[in-house]
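Asker: this is a predicted model, with the sequence first.
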Amino acid sequence: MFDKSTWIKLPRNVLQGHGVLDDLADAVADLYLSGDPLLVTSPSPERIAGDRVRAQFDDVATVSLDRASFESVERVVEVGREHDAGYLIALGGGKPIDVAKMASDELNCGFVSVPTAASHDGIVSGRSSIPEGDTRHSVAADPPLAVVADTELLAESPWELTTAGCADIISNYTAVKDWELAHRLKNVEYSEYAGALSQMTAEMLVQSADSIKPGLEESAWIVTKALVSSGVAMSIAGSSRPASGAEHLFSHQLDRIAPNRALHGHQVGVGSILTEYFHSGPRGEWQDIRDALSTVGAPTTADDLGIDDETVIDALTTAHEIRDRYTILGDGVSEDAAIEAATITGVI
Ligand SMILES: [Zn+2]
């Protein structure tokens, strides 16, 4: 019997460009939502763009959060219920978007993503990552109903956030390889379409790498487009597999061992150099990944990340324990092998 089914949830409106923040209300009107919005933000995006958002709606409550946590999610849910919010508008970098994503799931309403930094693919995807204690919880939720990415605003964000977004995209190369491997060895469900889209997204970004420069608004355009496309690949796959493999496990492990040292995208970029080495060996494509990262100005070594060599080896040898996701790390990399990989690739 043929009993397969798919349910693909995608953003309905994606607006990208110079000054599109002022078209937010139009993008929302086009969704035929009912009720008033609740604006979820954090102090600095609130300062930069809060009033521009509020000016477009008659009745909008605001919650400003200091950090992403489960308490923040609860607060948004409370305020959302109090105001009987019809939908959420998440304005900010990763934090308000992650929180709004989870809160909208609990409130049974949709949310609109208005990123002010192009630092990771969470701005478009249906995955939320919330820290708790020394670990992070990755939770599945619905993707945003709409994404309004104002390149003027994004171009003003600190440059390292943009290079982190680039590195998160470049890591799609190894994520797809891990997914294919898991498919071959463990019969994990694989989508050719999502895999190809994710890989092509990375290729297109690398081809445009020369236009990714500080002070160039086009950079924000290229990176956001790639983040949207990567988010679409995850929506099609119904999982984060197209954009998250062993390099992400490595990064999550760094978050546990050495929290808040480096940005997510930068960690997965360095992780991608290492896991590509495991995939294709000393003469393999790890050099292409390293070169792509260095062209956009993203870190390629432990030193660049501000993380010591021992911590990198520690994370690399224990990353496979993080979650039940089969990757090139298999049941673990020995310390000697980890040191060799990190030394040959110049990571340590
Ligand atoms: Zn990522």
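Answerer: Yep, it's here.

Asker: only C-alpha atoms for contact and neighbour calcs from this point on.
Answerer: OK.

Asker: you'd agree residue 74 is up against residue 103?
Answerer: Yes: using Cα atoms under 8 Å, residue 74 is in contact with residue 103, at 7.2 Å.

Asker: the two: which is more packed in?
Answerer: Remark: of residue 74 and residue 103, residue 103 carries more neighbours, 26 against 15, as counted by other Cα atoms under 10 Å.

Asker: can I assume the more buried one is in contact with residue 76?
Answerer: Yes: between residue 103 and residue 76 there is a contact under Cα under 8 Å: 6.3 Å.

Asker: quick one: low-confidence ranges for the stretch 1-150 of the chain?
Answerer: For the stretch 1-150 of the chain, the stretches with pLDDT under 70 are 1, 133-136.

Asker: state the helix or strand in which residue 103 lies.
Answerer: helix 94-107 (DSSP states H and E).

Asker: who are the packing partners of that helix?
Answerer: strand 37-41, helix 70-82, strand 87-92, strand 110-115, strand 127-132 (3 or more Cα pairs under 8 Å, 6 or more residues apart in numbering; DSSP states H and E).

Asker: okay, it in CSV with CA atoms only?
Answerer: Output of helix 94-107 as CSV, limited to C-alpha atoms (Å, rounded to 0.1, in the frame of the first residue of the first chain):
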residue,chain,number,x,y,z
GLY,A,94,18.2,35.2,16.7
LYS,A,95,16.8,35.5,20.2
PRO,A,96,13.4,37.2,19.7
ILE,A,97,12.8,35.0,16.6
ASP,A,98,13.5,31.8,18.5
VAL,A,99,11.3,32.9,21.4
ALA,A,100,8.5,34.1,19.2
LYS,A,101,8.6,30.8,17.2
MET,A,102,8.1,28.7,20.3
ALA,A,103,5.6,31.1,21.9
SER,A,104,3.4,31.2,18.7
ASP,A,105,3.4,27.4,18.8
GLU,A,106,2.0,27.5,22.4
LEU,A,107,-0.4,30.3,21.5
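
Asker: contact partners of that helix?
Answerer: 40-42, 65, 67-69, 72-74, 76-77, 80-81, 87-91, 110-111, 113, 115, 117, 119-120, 122-123, 126-130, 139, 141-144 (Cα atoms under 8 Å, 6 or more residues apart in numbering).

Asker: which parts of it are buried?
Answerer: 94-105, 107 (16 or more other Cα atoms under 10 Å).

Asker: same check on stretch 287-305?
Answerer: Applying 16+ other Cα under 10 Å to stretch 287-305 flags 289-293, 295-302, 305 as buried.

Asker: turn the residues you listed into a markdown table, columns for secondary structure.
Answerer: Shown next, in a markdown table, are the buried residues of stretch 287-305 (DSSP: H, G, I helix; E, B strand; the rest coil):
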| residue | secondary structure |
| --- | --- |
| 289 | helix |
| 290 | helix |
| 291 | helix |
| 292 | helix |
| 293 | helix |
| 295 | helix |
| 296 | helix |
| 297 | coil |
| 298 | coil |
| 299 | coil |
| 300 | coil |
| 301 | coil |
| 302 | helix |
| 305 | helix |
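
Asker: got a list of what residue 299 touches?
Answerer: With the criterion set at Cα under 8 Å, 6+ apart, residue 299 makes contact with 266, 269, 270, 293, 305.

Asker: I'd say the fourth one and residue 269 touch.
Answerer: Same thing as residue 293. Yes: between residue 293 and residue 269 there is a contact under Cα under 8 Å: 7.0 Å.

Asker: shared neighbours of the two, which are they?
Answerer: 167, 170, 299, 300.

Asker: dump those residues to TSV, plus pLDDT and distance to residue 275.
Answerer: Converted to TSV, the shared contacts of residue 293 and residue 269 look like this (pLDDT from 0 to 100; distance: Cα to Cα, whole Å):
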residue	pLDDT	distance to residue 275
167	98	14
170	98	13
299	98	15
300	98	13
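
Asker: just the closest of those residues to residue 312, please.
Answerer: residue 300 (12.3 Å; Cα to Cα).

Asker: is it true that that closest one touches residue 269?
Answerer: Yes: with contact defined as Cα under 8 Å, residue 300 reaches residue 269; the gap is 7.2 Å.

Asker: now the common contact residues for these two.
Answerer: Jointly contacting residue 300 and residue 269 under the rule Cα under 8 Å, 6+ apart are residue 293.

Asker: just to revisit the earlier point, among the buried residues of helix 94-107, which two are most distant?
Answerer: It's 94 and 107 that sit farthest apart of the buried residues of helix 94-107, by Cα to Cα, at 19.9 Å.

Asker: so for stretch 318-333, what gets flagged as buried?
Answerer: 318, 319, 320, 325, 326, 327, 328, 329, 333.

Asker: can you tell me which of those are in helices?
Answerer: residue 318 (DSSP state H).

Asker: where is pLDDT lowest across the buried residues of stretch 318-333?
Answerer: Lowest in pLDDT among the buried residues of stretch 318-333 is residue 325, which has 91.

Asker: go ahead and flag the most central residue of this structure.
Answerer: Nearest to the geometric centre of the chain sits residue 121, at 2.7 Å (Cα atoms, centre = their mean).

Asker: ok, it - contacts?
Answerer: So residue 121 contacts 165, 168, 169, 227, 228, 230, 231 (Cα under 8 Å, 6+ apart).

Asker: nice, that's everything, thank you.
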